Structures are given as C-alpha cells and as structure tokens.
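A.B. asks: next input, structure requested:
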Amino acid sequence: MSGGRERTGKDDPAPPSAAPPSPPGAPAPSRRPVVAALMLAMALAALDGTIVSTVVPQIVGDLGGFSYFSWLFSGYFLALTVTIPVYGKLSDTFGRKPVLLTGIALFLLGSALCAGAWDMASLIAFRIVQGLGGGAIQGTVQTVAGDLYPLKERPRIQAALSTVWAASAVAGPAVGGVLAAYADWRWIFLINLPVGAVCVWLLARRFREPGRARGGRVRVDWPGALGVFTACGLLLTGLVQGGVAWAWLSVPSLALFAGAAVAAGVTFGLERRAADPVIPGWVWRRRTIAPVNVAMAALGLLMVAPTVFLPTYAQYALGLSPLAAGFVLSVMTLSWPVSAALSQHVYRRVGFRQSALLGMGLAGLVLLAFPLWPPSSPWHAGALSFALGGALGLFQLPLIVGVQSSVPWRERGTATASVLFNRQLGQSVGASLLGAIANATFAGREASAVSGAVVRSAVGHVYLAAALAAGLALLALCAAPRRFPVDTSAD
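C.D. replies: Numbers count the residues shown, from 1 in each chain. Sure, this is the predicted structure:
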C-alpha cells in the first residue's frame with residue numbers, strides 16, 4: 001500500500017460484519033496457546049524492567065561498579081527502543097514468527113549471559129543483548145495480537161497484554177525482593193530461561209502464519225536500519241547521560257546531539273532513496289498515524305511524572321515507607337488495564353479519536369490537580385493515581401487498535417512499531433526534561449536539606465509540565481481524522 005492508497009471507505013468503529021480479520025496469525029482453534037505464548041513473552045520483557053531494580057544493592061556488592069550501575073537500566077532500554085522500528089519492518093518483510101522467535105532467543109541468551117556476568121561492565125553489555133531481544137518482543141507481540149483478532153475482538157487481547165504489564169509492575173519488585181533475600185541475584189535472570197523455553201515451544205508448534213506470495217528477491221534496507229540505530233542511539237545516550245554523567249552544555253553532550261543530528265540527516269537521505277525503507281514516509285504522511293505518533297510520544301513523556309516522581313513524593317512529602325509508596329503508584333497500573341478493557345464500549349460509540357481525546361483530557365485534568373491540590377494523604381495520592389491510570393487506559397488502547405485497523409497485514413508491523421517507538425522515545429525525553437525541572441528546584445540544596453515542602457514544590461512543577469504534554473497530545477489528535485478508516489482488504 002502506498003502512502004495515499006484508498007481504504008475500503010468504512011470508518012471506525014466498524015460493525016462486526018464489516019471487519020473480518022486480516023490474514024490471521026493462527027487458525028482459530030490454536031489462538032489460545034498462541035495468546036498464552038504472547039503473554040509469557042510480554043511478561044519476560046515487562047518483568048525485566050522492574051525486577052532488576054530491587055537487587056541493585058546485591059549486584060553492586062558482588063560486582064562493584066556503583067558509579068555506572070544506572071546503565072543496567074539505560075543500556076537495556078536504549079537497545080530496546082532503537083530496535084523497535086527495525087523489528088517492525090522486518091516482521092512485515094519476513095513474517096512475525098521468525099522475528100519474534102529471534103527476539104526471544106536473543107533475550108534468553110542475554111539472560112543466560114547476565115547470570116554469568118563477572119563484573120559490572122560485562123553485566124551491562126549482556127543487558128544490552130537482552131534489550132536487543134526485548135525490542136523484538138515488545139513490538140512484534142503487539143503486532144501479532146492485531147493479526148490474531150478482528151477489530152471487534154481486538155480490545156480483548158490488547159487489554160490482556162496491558163494486564164500483563166500491570167501485574168509485572170506489581171509482581172516484579174516482590175519477586176526480586178524474595179530472590180534477593182532467599183537466593184542469589186543471578187536467579188532473576190535464570191528464571192527467564194524456563195519461561196522463555198515454554199514460550200518458544202508454544203510459538204514453534206502452534207503459531208501458523210499465512211503463506212504470502214512474494215515477487216522477486218526480498219531486499220532489506222540494512223543501511224537505513226543502521227542509520228536509525230545510530231541516530232537514535234546517539235540521541236538517547238545524550239538524553240540519558242546529560243545532566244547526570246556530564247553537564248548538558250558540556251563537550252560530550254554537544255558531541256552526542258550533533259552526531260545524532262548528522263546521523264538523522266544521513267538516514268533521512270538514505271530512506272528517501274531506499275526501495276523499501278525501514279521507516280517509510282507514509283508513517284509520517286498519513287493522518288491516521290502521524291498524529292498518533294506525536295500523541296504517543298507525549299504519553300511517554302508525561303508518564304515519567306507518576307512512575308518516577310510519585311514514589312519520591314509519597315516518601316518525602318507524605319512520610320510513607322518505600323513499600324507503601326510503591327503501592328500508591330501500583331493502583332495506576334491496576335486501573336489502566338481495566339479502563340483499557342472497557343474502552344471498546346466508548347470508541348464503538350464515538351470513535352477511536354474521540355475516545356482518546358476524552359481519555360487524555362481527563363488525564364490532563366488529573367495532572368493539573370496534583371500541583372493545584374497537592375495530595376495530603378496516601379488516599380488522596382492513590383485516588384489521583386487511580387484516576388490517571390483509568391484516563392490513560394481510555395487513551396492508549398483505542399489509538400493502538402485504530403492504527404492497527406487502518407492498515408493491511410503487510411504494513412501492520414511497521415505501523416505498530418512506529419507507535420511504540422515514539423512512546424519509548426517520549427519516555428526517554430521525558431526522563432531528561434522532567435528530571436531537569438525537578439533538579440532546578442533542588443539546585444543549591446544539600447541532600448540532607450531536601451524537605452517535604454521542597455519535594456512537593458518540585459513534583460508539582462513536574463506534574464505541571466506533564467499536563468502541558470497532555471495538552472500537546474490533545475493538539476496532535478485534533479489533526480487526526482474524526483473517523484479512522486478501517487482497512488478490510490485481505491492480503
């Protein structure tokens with residue numbers, strides 16, 4: 001399909017008879033085992049982001065390297081983020097199954113290597129290997145979920161995957177704490193192996209993709225893939241390390257950002273000439289995808305406020321223990337999938353865009369309520385967190401379903417990866433931007449002098465910036481069509 005190809009003329013939300021599934025990723029009788037495998041694969045990637053944080057003291061005590069342990073997380077998410085668009089294109093070219101199995105294999109290899117790490121540098125390197133596999137898992141699982149079900153059933157699987165993320169956010173720290181207390185930190189990586197083995201076995205035996213006729217030899221845009229990897233890698237490294245390892249206006253920061261700009265320019269030129277580019281131009285030309293990409297980037301940015309700063313607020317301003325502070329945040333991860341599962345009843349009546357506008361509008365009000373009406377109790381903070389999760393569930397899932405439903409099978413991997421990549425990129429930008437806002441409030445104060453009032457002020461500023469990001473998402477969605485076209489073509 002070219003950038004301007006016409007759709008069937010049907011708009012969202014399509015009636016059940018108007019939206020037969022695209023070529024399914026598996027026959028109907030085998031969907032349950034495949035869905036189970038998808039949920040296990042998603043759990044591997046989701047748990048890894050939370051479980052490691054609980055055993056950092058044990059890792060540092062065993063391997064040393066405290067000064068750069070943050071790269072255990074930065075390296076993993078950097079590799080995951082920059083590979084998402086590449087894997088999305090590869091899944092459209094070669095099929096979902098080989099890309100997903102390769103990603104899981106890379107993730108398991110990285111897990112085994114992490115368990116055998118001998119120092120912090122080797123552990124960071126092996127975490128990057130895990131991230132390379134995680135990028136394939138995160139993007140391809142969502143794409144397969146779109147392949148398996150027709151439009152009317154798609155919220156079911158997407159909500160199930162959202163539940164996996166929510167459960168992982170709650171269970172990850174608990175599992176990590178138990179393993180740190182009663183076993184060795186290396187087991188947080190070793191437990192991935194049997195789970196991953198079951199996942200691979202289910203996919204290998206039960207996941208059947210439709211045969212697709214191809215004309216001529218398949219050409220992979222490897223120069224474009226390398227360009228995307230380089231440009232995004234330099235940019236994200238600068239964002240992650242800027243203001244932490246070195247000053248924002250220092251030589252390393254300026255060199256990384258300049259290198260990212262040059263690499264982006266070269267990549268743009270390569271992609272314009274490529275016969276089948278990794279990031280095709282239609283991703284940014286179509287009104288059904290480009291505004292969603294911007295809105296998802298804004299979502300990633302604003303999510304930094306609750307996930308990073310709310311636990312700090314709960315401990316310093318409300319005097320809660322770290323465990324209680326974690327539960328204040330966890331209510332958001334519980335309300336999100338519930339709201340996502342129920343969102344179909346909204347977008348079937350008003351459409352994908354209107355549902356997303358409603359969700360982000362409510363999220364913006366909740367974010368504004370934080371600095372205007374600062375939480376004075378755990379119940380108050382928990383209520384705002386719960387409301388924010390419910391609002392964002394109403395925002396995100398309709399957009400993912402809408403984008404997936406507007407493209408045929410052969411473009412679904414690229415379109416889905418584009419949305420997920422922009423969300424991850426927004427999160428990286430948000431961590432740096434909102435961190436700089438908070439640091440500006442803390443400037444000139446010793447750590448021992450940071451009081452609850454100071455934290456309340458800093459987090460209030462952060463939430464105000466997050467509310468502005470919500471406004472950006474609303475503006476972006478206004479450029480999207482009121483009714484998303486639904487592609488009912490069979491590839």
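
A.B. asks: any low-confidence regions in the chain?
C.D. replies: Scanning the chain with the threshold set as pLDDT under 70 gives 1-30, 49-50, 67, 169-170, 173-174, 210-218, 322-323, 442-452, 487-491.

A.B. asks: break it down into its domains, please.
C.D. replies: Annotated domains of the chain cover 15-209, 224-273, 279-491 [automatic domain parsing].

A.B. asks: take these and lay them out in CSV including mean neighbour count.
C.D. replies: In short, each C-beta sits where N, CA and C put it, glycine included. Formatted as CSV, those follow (neighbours: other C-beta atoms under 10 Å):
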stretch, mean neighbour count
domain 15-209, 20
domain 224-273, 18
domain 279-491, 21
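
A.B. asks: and the gap between the residue most central in space within the chain and residue 375?
C.D. replies: Geometric centre of the chain, nearest residue: residue 424, 4.9 Å, by C-alpha atoms, centre = their mean. Per C-beta to C-beta, to the nearest Å, residue 424 is found 28 Å from residue 375.

A.B. asks: one more: residue 334?
C.D. replies: Residue 334 is 18 Å from residue 375, by C-beta to C-beta.

A.B. asks: again, but for residue 309
C.D. replies: Residue 309 is 12 Å from residue 375, by C-beta to C-beta.

A.B. asks: A helix includes residue 483, no?
C.D. replies: No - secondary structure of residue 483 (DSSP: H, G, I helix; E, B strand; the rest coil): coil, not part of a helix.

A.B. asks: and the helices in the stretch 251-400 of the chain?
C.D. replies: 251-273, 282-285, 290-304, 310-316, 322-342, 344-350, 352-372, 378-405 (DSSP state H, counting those that start in this stretch).

A.B. asks: the next helix-or-strand element following the last one packs against which elements?
C.D. replies: Sequence order places helix 409-442 as the next helix or strand after helix 378-405, per DSSP states H and E. In terms of contacts (3 or more C-beta pairs under 8 Å, 6 or more residues apart in numbering; DSSP states H and E), helix 409-442 is packed against helix 71-94, helix 120-148, helix 222-241, helix 282-285, helix 290-304, helix 378-405, helix 452-478.

A.B. asks: in a markdown table: those, plus distance to residue 48.
C.D. replies: Below are the helices and strands packed on helix 409-442 laid out as a markdown table (distance: least, C-beta to C-beta, whole Å):
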| stretch | distance to residue 48 |
| --- | --- |
| helix 71-94 | 7 |
| helix 120-148 | 7 |
| helix 222-241 | 17 |
| helix 282-285 | 28 |
| helix 290-304 | 18 |
| helix 378-405 | 21 |
| helix 452-478 | 25 |
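
A.B. asks: between those, which gets nearest to residue 108?
C.D. replies: helix 120-148 (7.4 Å; C-beta to C-beta).

A.B. asks: what helices or strands is the helix or strand just after that closest one leaning on?
C.D. replies: Per DSSP H and E, the first helix or strand lying C-terminal to helix 120-148 is helix 154-182. Judged by 3+ C-beta pairs under 8 Å, 6+ apart, helix 154-182 is in contact with helix 31-51, helix 120-148, helix 187-190, helix 322-342, helix 378-405.

A.B. asks: which strands or helices does the first one pack on?
C.D. replies: Right, the one you point to is helix 31-51. Taking 3+ C-beta pairs under 8 Å, 6+ apart as the contact cut, helix 31-51 packs with helix 71-94, helix 96-115, helix 120-148, helix 154-182, helix 192-206.

A.B. asks: now it: how far from the chain's centre is it?
C.D. replies: 14 Å (C-alpha atoms, centre = their mean, to the nearest Å).

A.B. asks: likewise the shortest one?
C.D. replies: Using C-alpha atoms, centre = their mean, the mean C-alpha position of helix 187-190 is found 23 Å from that of the whole chain.

A.B. asks: same deal with stretch 401-415?
C.D. replies: Here stretch 401-415 is found 17 Å from its chain centre; the criterion is C-alpha atoms, centre = their mean.

A.B. asks: for it, measure first residue to last.
C.D. replies: 11 Å (C-alpha to C-alpha, to the nearest Å).

A.B. asks: could the helices of the stretch 251-400 of the chain go into JSON lines alongside distance to residue 108?
C.D. replies: Converted to JSON lines, the helices of the stretch 251-400 of the chain look like this (distance: least, C-beta to C-beta, whole Å):
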{"stretch": "helix 251-273", "distance to residue 108": "30"}
{"stretch": "helix 282-285", "distance to residue 108": "31"}
{"stretch": "helix 290-304", "distance to residue 108": "27"}
{"stretch": "helix 310-316", "distance to residue 108": "31"}
{"stretch": "helix 322-342", "distance to residue 108": "26"}
{"stretch": "helix 344-350", "distance to residue 108": "34"}
{"stretch": "helix 352-372", "distance to residue 108": "36"}
{"stretch": "helix 378-405", "distance to residue 108": "27"}
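
A.B. asks: which of those helices sits closest to residue 235?
C.D. replies: That would be, of these and by C-beta to C-beta, helix 251-273, which comes in at 3.9 Å.

A.B. asks: what packs against the closest one?
C.D. replies: Helices and strands touching helix 251-273, by 3+ C-beta pairs under 8 Å, 6+ apart, are helix 222-241.
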